[in-house]
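Undergrad: Okay, here's the prediction I keep looking at, along with the sequence it came from:
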Amino acid sequence: MNEADFIKALGGLPLHPGARDLADDCAVLSVGGETLVITHDMMAEGTHFRGDADMADVAWKLVATNLSDLAAKGAEPVGVLIGHMLGRDDDRFIKGLHEALEAFDVPLLGGDTIAGAGPRALGLTAIGRATHVPVPARSGARPGDHVYLTGPVGRSMLGFEGDPDHLAAFNRPMPRLSEGRILAPYVTAMMDVSDGLLLDGWRMANASKVTIALDREAIPVADPARRDSCIRWGDDYELLFTAPPSAPVSVAAHRIGTVTACGGAPLLLGEDALSDPASLGYRHG
């Protein structure tokens with residue numbers, strides 16, 4: 001199975017209503033007077049980080065990528081649980097974990113540690129408290145909405161390639177937590193850009209049953225000479241969101257397109273209709 005097939009198969013299992021039909025990045029649970037937002041992401045050696053990566057950077061990124069999912073729901077982090085596979089430089093991993101938890105003011109709740117052979121796989125569960133209800137989803141974009149992006153894409157790609165000006169974007173991304181909380185009351189749909197702007201835009205449009213028309217030249221990119229690569233590479237963790245024209249967008253953001261009624265393809269890039277997600281960004285399998 002590839003990733004899409006596996007998720008489709010999981011959809012046949014008993015699902016909690018808070019799972020949002022597995023069509024979002026987080027589960028949303030009402031407990032007492034609180035609404036909790038829960039997410040879990042993993043990182044695999046050789047896929048998400050190199051075998052010789054500084055494990056302090058790996059720990060930071062593991063925390064940051066999960067908190068980015070909370071940011072896209074406007075959630076305030078409550079705590080995290082770590083799933084750690086022992087290996088080289090565990091002391092460096094703990095150092096980076098401490099730095100990230102301190103930087104984002106989020107405590108460790110617990111987790112699990114294992115020993116094993118072969119490449120390492122690491123996981124983290126992040127729990128947040130919704131600051132606005134209803135909690136933003138991928139699926140709320142409406143015709144007439146404007147489409148926004150909080151910052152340039154492609155910085156992580158350049159950092160991965162060794163560009164010293166963009167190393168931090170790849171090694172130690174910054175989740176847009178404050179922006180997500182500010183935007184949550186006003187957006188119709190919101191998600192973070194983790195697998196590439198085009199693929200994540202396609203996912204938002206597909207979930208919302210609309211067409212998202214992107215203005216190619218309006219998309220902020222780290223390297224205009226490599227625009228096509230920047231909008232496909234991913235790992236950027238900017239927020240992609242839609243909002244009515246009258247919404248007070250009071251964070252730094254770039255308008256990059258418009259939502260229209262569902263047409264022949266979920267995504268338009270200029271005049272190009274993009275209906276096949278396979279070539280739009282990163283997918284497992």
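TA: Received it, and whenever you're ready, just let me know what you need.
Undergrad: the helices in the stretch 1-150 of the chain, which residues?
TA: 3-10, 55-71, 90-103 (DSSP state H, counting those that start in this stretch).
Undergrad: who wins for proximity to E238 among those?
TA: helix 55-71 (9.0 Å; Cβ to Cβ). In short, each C-beta sits where N, CA and C put it, glycine included.
Undergrad: about what we covered before: tell me which of the helices of the stretch 1-150 of the chain is the most buried.
TA: For those, the largest average neighbour count (mean count of other Cβ atoms under 10 Å) is found in helix 55-71, namely a mean of 25.
Undergrad: what angle do it and helix 90-103 make?
TA: With axes from the mean of the first three to the mean of the last three Cα atoms, to 10 degrees as the basis, helix 55-71 and helix 90-103 are set at 40 degrees to each other.
Undergrad: Number of residues surrounding the closest residue to V221 other than its chain neighbours?
TA: Excluding its sequence neighbours, the residue lying closest to V221 (Cβ to Cβ, 6 or more residues apart in numbering) is C230, at 3.9 Å. By other Cβ atoms under 10 Å, 25 other residues sit near C230.
Undergrad: surely C230 meets M157?
TA: Yes: in this structure C230 lies within contact range of M157 using Cβ atoms under 8 Å: 6.4 Å.
Undergrad: Spell out which residues are contacts of both of the two.
TA: A shared contact of C230 and M157, defined by Cβ atoms under 8 Å, 6 or more residues apart in numbering, is any residue touching both; here these are A222.
Undergrad: Please point out which parts of stretch 152-168 sit buried.
TA: Taking 16 or more other Cβ atoms under 10 Å as the neighbour-count basis, stretch 152-168 is seen to contain the buried residues P152, V153, G154, R155, S156, M157, L158, G159, F160, H166, L167.
Undergrad: what about that stretch, distance to the chain center?
TA: Relative to its parent chain, stretch 152-168 has a centroid offset of 17 Å by Cα atoms, centre = their mean, to the nearest Å.
Undergrad: Just the CA trace of stretch 205-218, in CSV.
TA: Extracted in CSV, the C-alpha atoms of stretch 205-218 (Å, rounded to 0.1, in the frame of the first residue of the first chain):
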residue,chain,number,x,y,z
ALA,A,205,-9.6,22.1,-2.4
ASN,A,206,-10.5,18.4,-2.6
ALA,A,207,-11.7,18.4,1.0
SER,A,208,-13.7,21.6,0.5
LYS,A,209,-15.2,20.4,-2.8
VAL,A,210,-14.1,23.6,-4.5
THR,A,211,-11.4,24.7,-7.0
ILE,A,212,-8.5,26.8,-5.7
ALA,A,213,-7.0,29.0,-8.4
LEU,A,214,-3.5,30.1,-7.6
ASP,A,215,-1.7,33.0,-9.1
ARG,A,216,1.8,31.6,-9.9
GLU,A,217,3.6,34.9,-9.6
ALA,A,218,1.9,35.9,-6.4
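Undergrad: partners of the spatially most central residue of the chain in the sheet?
TA: Compute the mean C-alpha point of the chain, and by Cα atoms, centre = their mean the closest residue is D192, 3.4 Å away. Following DSSP bridges, D192 is listed with bridge partners L239.
Undergrad: Roughly how far does it sit from V80?
TA: Distance of D192 to V80, computed by Cβ to Cβ, to the nearest Å: 17 Å.
Undergrad: Where do the strands of the stretch 51-200 of the chain begin and end?
TA: Using DSSP state E, counting those that start in this stretch, the strands of the stretch 51-200 of the chain run over 75-85, 108-114, 121-130, 146-149, 189-192.
Undergrad: For the ones you listed, give me CSV that also has mean pLDDT.
TA: Supplementary listing: these in CSV, determined by pLDDT from 0 to 100:
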stretch, mean pLDDT
strand 75-85, 98
strand 108-114, 97
strand 121-130, 98
strand 146-149, 98
strand 189-192, 98
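Undergrad: now for those strands, which one comes closest to A44?
TA: strand 121-130 (4.9 Å).
Undergrad: quick one: contacts of the closest one?
TA: Under the criterion Cβ under 8 Å, 6+ apart, residues 26, 28, 34-45, 58, 62-63, 66-67, 69-70, 73-85, 106, 109, 111, 184 lie in contact with strand 121-130.
Undergrad: buried stuff in that strand?
TA: A121, L122, G123, L124, T125, A126, I127, G128, A130.
Undergrad: List the strands paired with it, with their directions.
TA: strand 34-44 (antiparallel), strand 75-85 (antiparallel).
Undergrad: Wait, T211 touches A261, no?
TA: Yes: using Cβ under 8 Å as the test, T211 is close enough to A261 to be in contact (6.9 Å).
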